[in-house]
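>>> This is a predicted model, with the sequence first.
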Amino acid sequence: MPGAASSHGLIWMILRRIGVALVLALVVSFLVYAATTVLPGDVAAAVLGRNATPEAVAALREQLGLGDPFVQRYLGWLGDLVRGDLGTSLAGTRMPVSELIATPVRNTAVLAGATLLLLVPLALLVGILSGVRQGRSLDRAAAGVSLTLTAVPEFVIGALLVLALAVYVPVLPAVSLVSGDVNPLTVPEFLVLPVLTLIIAGAAYLIRIVRISTIEAMATDYVEAARLAGVPERRIVVRYAVRNSLAPTIQAVSATAQWLLGGVFIVEVLFAYPGVGNALVTAVQVRDVPVIQAIAMLLALAFILINLVADIATILVDPRLRAAA
Amino acid sequence: MSAPDRRGAERRSGVSWRGAVGVWAVVGGIMLAVALAGSLVAPYDPAALVGKSFLLPGPDHWFGTDALGRDVLSRVLAGGRTAVLLAVAAIVVAEAAGCVIGLVAGYRGGLVDAVLMRMNDVLLAFPALLLVLVLAAGLGPGTVVLVVGVAVVNIPGIARLARAATLGVATTGYVESALVRGEGTAAILRREILPNIAPTIVADAGVRFAGAFLIIAGLNFLGIGIQPPAPDWATMIAENRSYITLQPWTVIAPTACIALFAISVNIVGEAVARRRSRGRA
Amino acid sequence: MDRSEEFNIRLNRRRLLERGAMAGAGLIVVPSLLAACGGGSATTDGGATGAMSTAANTETTSGAPTAGGVFRAAISDAGPTETLDPHAIASVVDQYRAFNLYDRLAETQIDGTVKPHLAESIEAADDTSTTWIVKLRSGVTFHDGSPLTAADVLWSFRRIGGDPKAPYFASVDPYIDVATSSVKDDLTVEFVLKAPYGNFQWFLSQKPLFILKDGTKDIADPASVVGTGPFKLESFEPGQKTVMTRFDGYFLAPEPYFDAVELIQIAKEQQKAALLAGQIDGTENFDVIAQALELEGNAAAALFRVPGANPPQFNMRMDVAPFDDPKVREAMKLSIDREQMMSLLFQDQATLANDLHGPSFPSYNADLPQRAYDPEKAKALLKEAGKEGLTVELVTGLYPDAAQAFAQQAKASGITINLKKIPQADVYNTDLYYLKVPFGETYWGNDSFEYIAPMAYFKDGPYNETRWNDPAWEKEFIAASAVADDAERNARYQELQGPLWENGGEIIFNWGDGLFAGKPTIQGVQPRIGFIWNDLRFREMWYQA
């Protein structure tokens, strides 16, 4: 990146990232809309099921605007989306989608939030310690475990945890069953297994990145100079290692958060946890198109947003860029 | 999870690492053999109703029976093949498409190049699982969705790799001399460039295969892919998880298979990657 | 179309839709609950019901009922859409409340018969059974102390059947002319029907024909919930909890016995643990029979059952090849191993079915021979039909397990059944599968032949899944339905089942029991069809002292 970046350049750089993110969001919205409505199969009939009268099918087609040209439909949908109107669910009670997914969104936020809150500090701690004590037993153990667990899918980890903690030593419920409008935080026992599964599945990657960044930071000239100057090792770690590994760590945390958006699907289904992942899988099964569109867009936007925030944060913490600014 | 970082900063006692790789290579080989040929040695037809429901492990049924009285061991032995073959199919499709796009982009540059990079950005803004789920919403569940979805997810990455490798090769002497000889673009791509970038592509395909297998397993678990009665490890976990307290082996056995397979592929892949990066250094 | 035929169809359609919704909600073949009892004015012990109850429960009643205690029943579908209006009940929890806060004019009894309840008598006024005289019991009072009168009854029926926007309008309007029906005196109502209907007593026992107080307004307000039922509404928190307390002035004293009944929202999979932990006193039906059976021998729980609640069913379309050949249909029916199905799908908590509906009702023809697994005979039939090595496709979304098992069992007859697995939600998709596929599935529940017939076996019936088409048969069914005499009507219904058994396209192989559990000291729970807990009659239950 340009060493000539002024604070002006910095702002321009950030604005440019935001612009790219907006364009991305637009393209993604088009893809989501196209994939859910262009594909074969009469959505209206599929949704109505056994009580479908020709009038009802016609009415639903009208609601979905299936008679209009594709581009017009897409623009109409996009306009509603931008205004915050997510449409009406096609299944059962015909609730507004925003109402229908409000609780699942909250629940997923709780699950993902709890996971990140525990996962990030844990991974930072283990990663930095392993990096500082490179090659020693803690490092070797952490590396071995993380290399092993990176490869194991979430539902396998979850199934193993259920077997261990709900079947053989039954201390925890095997399913989440946070029902109705209950805030999952009020029934933490149902959060333990899903969160634990996500932490185990996600920690490996983050630990490895933090460790490598730490090792690289500890090998820099600054650290060498500080050592020679007699700065205590503990201070070196805090001063240099942690700081210099910040940028790659932010990227890694952002990657972890993005992974979490995909990981929650499987974990939510495995534990019957009432979040967006579960809602989306159900919606896919009953072809509740407005719900699928809303959740897919929501997740994609979250994905893009995390990326954007991480990029901006990286720009801001990058010492070279800060110095230039 | 994304591919392991291979910046080569990992150092470790060579003996225990090599030993571990050896062990996992053997495990991986066994699991691959089980996946591909296990049904040949299965004691029962994996779909046959051979006993009562939920029998616990015993001499007749080493892993017991499932809800429909089918032999769990036989189902496990037969349950890896489809997912492995689907992963192979998805990667073959993705490699074919990705290489063509990458070769053309790398050799020709310009518009193709730009479009390719933007496509990649878009796909990176979308969790792979979500993408296939959205596709499944329209197409309906089934193996076609799996192959198409997983291939689509992989094409941009492969294309980028192929493009980078092509750029590296395109300026070498072979190509220049071929140009001098007056060979056409297609011929140059096929005869001069493709053989030179093949090792990179093949090594990459191995890592992608592991990723594809895991995504396919995840989708099967969600009920989007392979449909019953076809035996499949991930599907078995999904269909038996409500009976986990009644007959845990219906879940333990397929869980162990996926875990062992995934870990061994990952560790062997890691070892290959390290060797290559050392070789290059 | 004949009037009464149309009545049947329109009334029944709604209930079938509810049923479809319930089947959709179930995990495998086990819906949450059965619809309230089906057709048939059961005057005798219902066919197979007696034989259905076996094993594993404490249905024995020890000693005289004792009053007292609170019964906490788990329910799993409470939520923002709950209603207190008994004429708008939709979710299961709505029904739990309505059945206990209000009464109907007639009720099904433990032995399967229908008897007058708020009514003292229900009698046809003429030979054509188009005018019916309902005399009310005297001395019945509402929760506020006012007496029940004929005006309340007529007002309630007009509330349901007089407003086309009322949710259950179609349950009343096609049958009863509410405008010309009238109050004869304080305790007598004259119902004028739009066409002859022989089994009006059963008609009056259906939900949601609950009697409200004349002029009741704003039913959303808990204070306006004034019924004659055994319990009074104490508190109501949608999505969480309902508390109902004993109504001391109930007309069937000494019932009810419990001081209070609480309905507590708790997810289905969690109910077993909650029962064992003492957080609730009763569960709903288990989705996995084997998990219910794990409670056998557990001193902390008693197991109860709804016999034959779950009949999985495969349908062959009689108008398309290869099922247009009666030999092929017979071969298919002989190729399903009903005994093995019972073991695998229901852990033997079931009885054999004989490809006919309604074994729990007096209209059931129990004299027809029971079909058994006979692959040899099936093979021979296929050979005669020139269809050896038959290959068919079964479209499955409701009963994937049963379909997989059937595919295996049919191999012995040389039949290959390929499965086409579709989402559960698509089974009743009329544009893709429902009524279209040659070989598919359906769910009817445990209901009577006469309830199902107009929908499923009339040429233009809305759910004629097998394309049964026999005008003479239809005509005889309509004539039989107008007969007011129970014995004669039922005998004629039984006759009609012969050709259906012989030639029909339905494969009904098991009547799976619904199992639910409760505290071991609970008394008075009987194995009977309908909803769980004696068709939701908490008033009949008590705790052993």
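Right, received. Where do you want to start?

>>> Against chain C, how distant is the spatially closest residue to residue A:218 that is not a sequence neighbour?
Distances taken as Cβ to Cβ, 6 or more residues apart in numbering or on different chains put residue A:241 closest to residue A:218, at 5.3 Å, once the chain neighbours are dropped. Heads up, the C-betas are built off the backbone N, CA and C, glycines and all. Between residue A:241 and chain C the distance is 47 Å, computed by Cβ to the nearest Cβ, to the nearest Å.

>>> burial of residue A:241, as a residue count?
Residues lying near residue A:241 (other Cβ atoms under 10 Å in any protein chain shown) number 24.

>>> which stretch of helix or strand covers the residue of the stretch 151-300 of chain C found nearest chain B?
Chain B sits closest to residue C:290 of the stretch 151-300 of chain C, with a gap of 5.2 Å, by Cβ to the nearest Cβ. For residue C:290, the element it lies in under DSSP states H and E is helix C:289-293.

>>> Let's see the pLDDT reported for residue C:221.
Looking at residue C:221, its pLDDT is 80.

>>> whoops, I mixed them up, residue A:146
At residue A:146, the model reports a pLDDT of 80.

>>> three-state assignment of it?
Following DSSP: H, G, I helix; E, B strand; the rest coil, we place residue A:146 in the helix state.

>>> what kind of secondary structure is the residue in chain C sticking out farthest from the centre in?
Taking Cα atoms, centre = their mean, the residue of chain C most remote from its mean C-alpha position is residue C:386, at 41.1 Å. When classified by three-state DSSP, residue C:386 comes out as coil.

>>> In chain C, where is pLDDT below threshold?
C:1-62, C:80, C:110-112, C:425, C:431 (pLDDT under 70).

>>> residues in it within reach of chain B, list them.
Residues of chain C lying close to chain B by Cβ under 8 Å from any Cβ of the partner chain are C:27, C:269, C:287-288, C:290-291, C:294, C:340, C:343-344, C:347, C:400-401, C:404-405, C:407-409, C:419, C:421, C:423.

>>> and these, which of them are in helices?
Counting by DSSP state H, the part of these found in helices is C:269, C:290-291, C:340, C:343-344, C:400-401, C:404-405, C:407-409.

>>> so residue A:30 makes contact with residue A:74?
Yes: the criterion here is Cβ atoms under 8 Å, and residue A:30 meets it with residue A:74 at 6.6 Å.

>>> Those two: who's more crowded?
Taking neighbours as other Cβ under 10 Å, residue A:30 and residue A:74 compare with residue A:74 leading, 18 against 14.

>>> Now do the contacts for the residue nearest to residue A:218.
Contacts for residue A:241 (Cβ atoms under 8 Å, 6 or more residues apart in numbering or on different chains) come out as A:128, A:131, A:132, A:214, A:217, A:218, A:223.

>>> Double-check that it belongs to a helix.
Yes: assigned with three-state DSSP, residue A:241 falls within a helix.

>>> remind me which residues of chain B are low pLDDT?
In chain B, residues with pLDDT under 70: B:1-15, B:124-125, B:140, B:171, B:279-281.

>>> Which one of the residues in it is closest to chain A?
As assessed by Cβ to the nearest Cβ, chain A sits closest to residue B:138 within chain B, at 2.7 Å.

>>> Would you check that residue B:263 makes contact with residue A:146?
No: between residue B:263 and residue A:146 no contact is recorded; they are 11.6 Å apart, counting by Cβ under 8 Å.

>>> Enumerate the residues of the stretch 101-250 of chain A near chain B.
Counting by Cβ under 8 Å from any Cβ, the stretch 101-250 of chain A sits next to chain B at A:134-135, A:140, A:143-144, A:147-148, A:150-156, A:159-160, A:162-163, A:166-168, A:174, A:201-202, A:204-205, A:208-209, A:212, A:215-216.

>>> so where's chain A shaky on pLDDT?
For chain A, the ranges with pLDDT under 70 are A:1-7, A:38-67, A:91-94, A:173-182, A:186, A:319-325.

>>> care to break it down by domain?
A:2-91, A:100-314 (automatic domain parsing).

>>> Straight-line length of the last one, end to end?
The stretch domain A:100-314 measures 36 Å between its terminal residues, going by Cα to Cα, to the nearest Å.

>>> how much distance is there from it to the middle of the chain?
9 Å (Cα atoms, centre = their mean, to the nearest Å).

>>> Residue 271 - how many residues pack around it?
This is for chain A. Residue A:271, neighbours per other Cβ under 10 Å, totals 29.

>>> looking at chain B here, not the other one
17.

>>> so what's it closest to, chain neighbours aside?
residue B:21 is the one closest to residue B:271 (Cβ to Cβ, 6+ apart), at 4.4 Å.
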